[in-house]
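Got a sequence here, can you build the structure:
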Amino acid sequence: MNIEIPKTTETDDIFDYGFDKNLIRVAEQDSKTASEKTAVYNSLTDSVSASLITSGDLKSEITMIDGHLQSANYVAGTTGWRMDADGNLDANTGTFRGDITIGTGNNVFKADSNGIYLGDATYASAPFRVSMAGALAASSVNVSGAITTGVGSDIKGEYIESLSVSKLTTGEIKSKQITLSFTDNDGDCYIAAGKTDFDHDETGFIMGIDDSDSNKVKFIIGTPTEYLMVDGNTLVNTLKGATYTANVGGTTLLSTTTERQTTSTSAVKLKEINIGRNGNYKLLYELITYITNGKRMNWSIRKNGSQFISGWSITDYSNTITIENLVVGDVISLYGWVESGADSHMSARYFNLKVDTHLEVYAPYYTTGYN
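Numbering: from 1, shown residues only. This is a model prediction of the structure:
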């Protein structure tokens, strides 16, 4: 079969001379048999190499052969591009200019001049969106990895759930409050450094509510050997140390020095102190006798009316005793009397209360003294 192609000008193409894409004149196709048409068609489609196709206009659709189109320099994962029959595009580099829309309706991924957004074809209605300026808006975000913020970052919200205190470092709370939430029988509630319980086993401090001790409010600061403890439930301040200051630690705390005299031969109350704080105390008492005929003066130290210690002497006498485990409201009294037949009186002069040094004491204060 001979095909005659007339001479053409530079602007003519084969379609101007009545040929179709199979190089058969349209007017002659009715006279051709099916085998003749197929022969011409196959001679072009089966054996024309892609390398022989250069520039020109594509007048109709391209049918994908072997399942893909690709660039001449395509090497998988390295250079060029390839697009397969499933619509997958593999390209090493490239630039897409314009909007991208994937999906329809409320199942859309889109990128345009607004930014990137998901879930709606309209940027303002999308439940997840990132603007071109970098602003992120999302109905909720679940981050499984780390979030790293820059200097000056601001994370706003009412609370952060399950933030461990161990993750907090140094900082400043400006005109705000820290509130500890306490639940009975759920364990101690406290702020501490160095200490892990309301005891004297560790150096540091602890302040809070002792759930294991009837929910007492406590504060302890110091070392295992020297410390200050406040038991807020009963207003008891416990102090222990080698030396003390501020009227504590062997220093006279309460002194009634005015002499009270008696010539009675039966016990008369001469001095008395009411205890204002729990603790261990030292009590100094001094007795003076004015008896000249050898008769005795007698005394009795009483705790809440019960005799604690007693004695007698025919000369002036002074003594210091330790009274332990006194509690708020206890009354320590000094009674005195003379032996029958005495020719004069006896008196109580000093009746001084001191803290017992080097012992655990509850820093005392006093309500009344008796002269």
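
so where's the stretch 151-300 of the chain shaky on pLDDT?
159-161, 233-257, 276-277 (pLDDT under 70).

Recalculate using a threshold of 50.
242-253 (pLDDT under 50).

Show me the strands in it, by range?
Taking DSSP state E, counting those that start in this stretch, the strands of the stretch 151-300 of the chain run over residues 189-193, 204-210, 216-222, 227-231, 236-240, 252-255, 260-262, 268-275, 279-289, 297-303.

For the ones you listed, give me TSV that also has distance to T315 and mean neighbour count.
For glycine as for every other residue, the C-beta is placed from the backbone atoms N, C-alpha and C. Listed next are the strands of the stretch 151-300 of the chain as TSV, based on distance: least, CB to CB, whole Å; neighbours: other CB atoms under 10 Å:
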stretch	distance to T315	mean neighbour count
strand 189-193	56	15
strand 204-210	52	18
strand 216-222	45	18
strand 227-231	43	18
strand 236-240	37	19
strand 252-255	23	17
strand 260-262	17	18
strand 268-275	18	20
strand 279-289	7	20
strand 297-303	9	20
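
Tell me which of the ones you listed lies nearest to L326.
strand 268-275 (4.8 Å; CB to CB).

Sheet partners, orientation included, of that closest one?
strand 331-338 (antiparallel), strand 366-370 (antiparallel) (DSSP bridges).

Go through those and find the least confident stretch.
Mean pLDDT is lowest for strand 366-370 out of the strands paired with strand 268-275, coming in at a mean of 45.

any idea how far Y285 lies from L136?
Here the distance between Y285 and L136 works out to 81 Å (CB to CB, to the nearest Å).

ditto for F198
F198 is 47 Å from L136, by CB to CB.

Please say which of those two ends up with more neighbours.
Taking neighbours as other CB atoms under 10 Å, F198 and L136 compare with F198 leading, 22 against 11.

follow-up on the earlier one: specify the stretch among the strands of the stretch 151-300 of the chain that is closest to E158.
Of all the strands of the stretch 151-300 of the chain, strand 189-193 comes closest under CB to CB, at 22.0 Å.

Now do that closest one and strand 204-210, the angle between them.
Relative orientation of strand 189-193 versus strand 204-210 (axes from the mean of the first three to the mean of the last three CA atoms, to 10 degrees): 180 degrees.

Strand 189-193 pairs with which strands, parallel or anti?
strand 204-210 (antiparallel).

send the alpha carbons of the strand it pairs with over as CSV?
The C-alpha trace of strand 204-210 is given here as CSV (Å, rounded to 0.1, in the frame of the first residue of the first chain):
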residue,chain,number,x,y,z
GLY,A,204,15.2,19.5,105.5
PHE,A,205,11.7,20.8,105.9
ILE,A,206,8.2,19.5,105.5
MET,A,207,4.9,21.4,105.8
GLY,A,208,1.4,20.0,105.3
ILE,A,209,-1.2,17.6,106.6
ASP,A,210,-0.2,14.3,108.2
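
ok so, going back, out of the strands of the stretch 151-300 of the chain, flag the one nearest V328.
With CB to CB as the measure, strand 268-275 is the member of the strands of the stretch 151-300 of the chain nearest V328 (6.3 Å).

For I147, give me its contacts.
With contact set as CB atoms under 8 Å, 6 or more residues apart in numbering, I147 has no partners.

Could you tell me how far it is located from L163?
In terms of CB to CB, I147 sits 13 Å off from L163.

Please apply the same query to I116.
Distance from I116 to L163, by CB to CB: 30 Å.

So the two - more neighbours on which side?
Comparing I116 with L163 by other CB under 10 Å, the one with more neighbours is I116, at 17 against 9.

Look at that one and give its secondary structure.
Secondary structure, DSSP: H, G, I helix; E, B strand; the rest coil: I116 is strand.

List the contacts of the nearest residue to it once chain neighbours are set aside.
Ranked by CB to CB, 6 or more residues apart in numbering and with sequence neighbours excluded, the top spatial neighbour of I116 is V130, at 4.9 Å. Contacts for V130 (CB under 8 Å, 6+ apart) come out as G115, I116, Y117, L136, A137.

tell me which of these is nearest to F308?
Nearest to F308 out of these is L136 (CB to CB; 78.1 Å).
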